[in-house]
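Q: sequence and predicted structure, then a few things I'm wondering about:
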Amino acid sequence: MIDWLTEQPMTPKHGHPQRGFSLVELTIVLVIVALLSGGLMLGLAAQRDANNYQEAQRQLDSAKEALFGFAISNGRLPCPATATLANTDSNAGKENCTAEHGVLPWATLGLPETDPWGQRLTYYARNQFTATLTAGALASFTLDTLGNANIKDAAASGYDIASSLPAVIVSHGSRGVGGYQKSGVQLTGAIGDEAENADADLTFIAHTPSDSFDDIVTWIIPTVLKSRMVAVGKLP
């Protein structure tokens, strides 16, 4: 380097030569940066998953309230929507009262079509609770009408968490297997407990998330439904 005042070469202070990072030092720095970046990405991914899970839970809670509101207004629970219709179909998201299994009728209820992971919410409702009202009736069911769905903690030798349920709603979680997409196509690959939530029978599984299970399940408690109907005069 040149001292522009004296036009003489400048020497480093104390006579020590100047040098940059060695290849080994640069490698160590890059490894540290990579580790920090990887940890940050994993942290962001975990935070995103947690936020999605919380949002799905809020969505299921809203869906339950929508079912209660529909029942109070119409004297019955809504029928499921056909799961296999693409959302471009004019009947997508609307009630189809010829079936007990399907997806939540989002268009009928004015709710979002899918959960945070892009899958529709599976919905079961017993036809005694969704039937058209007879002349003069205020509700399609009575205080004595029972549901027939049940919730277990495991598909194999599980115990009942709840039984005699009129309706069940399922979010198929971040993996989405067993759930229906906007195209009406069901994602294959559900096994074990997740398969039980996708096979259109009367048994559903609910337990804490694990490496093989991330479904979120909620249900209509019959006594709560009936008490709300009594409160508004739809049941005696």
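A: Received the coordinates, thanks.
Q: mind showing which ranges of the chain have poor pLDDT?
A: Across the chain, residues meeting the criterion (pLDDT under 70) sit at 1-21, 38-46.
Q: next, name the residue at the spatial heart of it.
A: Most central in the chain under CA atoms, centre = their mean is residue 171, positioned 3.7 Å from the mean C-alpha point.
Q: for the chain, what spans make up the strands?
A: Here the chain has its strands, by DSSP state E, at 2-3, 8-9, 101-103, 122-125, 149-152, 160-165, 167-171, 203-205, 216-220.
Q: the residue nearest to the centre of the chain and residue 121 touch, don't they?
A: Yes - using CB atoms under 8 Å, residue 171 is in contact with residue 121, at 5.7 Å. For glycine as for every other residue, the C-beta is placed from the backbone atoms N, C-alpha and C.
Q: separation between the spatially closest residue to residue 224 that is not a sequence neighbour and residue 61?
A: Once flanking residues are discounted, residue 224 sits nearest to residue 68: 7.9 Å by CB to CB, 6 or more residues apart in numbering. Note on residue 68: its distance to residue 61, by CB to CB, to the nearest Å, is 11 Å.
Q: what distance separates the start and the end of stretch 207-215?
A: From its first residue to its last, stretch 207-215 covers 8 Å (CA to CA, to the nearest Å).
Q: return the set of buried residues in it.
A: Within stretch 207-215, the residues scored as buried using 16 or more other CB atoms under 10 Å are 213-215.
Q: for stretch 111-127, same thing?
A: Under the neighbour-count criterion of 16+ other CB under 10 Å, stretch 111-127 has 111, 113-117, 119-126 buried.
Q: same check, this time on stretch 74-92
A: By 16+ other CB under 10 Å, the buried positions in stretch 74-92 come out as 75-83, 85, 92.
Q: next one: that stretch to chain centre, how far?
A: Its chain's C-alpha centre and that of stretch 74-92 lie 18 Å apart, by CA atoms, centre = their mean, to the nearest Å.
Q: then stretch 179-197?
A: From the chain centre to the centre of stretch 179-197 is a distance of 12 Å (CA atoms, centre = their mean).
Q: contact partners of it?
A: With CB atoms under 8 Å, 6 or more residues apart in numbering as the test, stretch 179-197 has contacts from 83-87, 89, 92, 103, 113-115, 117-120, 122, 152, 154-155, 170-173, 175-178, 198, 203-205, 207, 212-215, 217.
Q: ditto for stretch 64-77
A: With contact meaning CB under 8 Å, 6+ apart, stretch 64-77 is reached by 78, 108-111, 125, 129-133, 137-141, 166-167, 169, 218, 220, 224-225, 228-229, 232, 234.
Q: which of those residues count as buried?
A: 78, 108-109, 111, 125, 129-131, 139-141, 166-167, 169, 218, 220, 225, 229, 234.
Q: returning to what we had before: so what sits against both of residue 171 and residue 121?
A: Jointly contacting residue 171 and residue 121 under the rule CB under 8 Å, 6+ apart are 59-60, 115.
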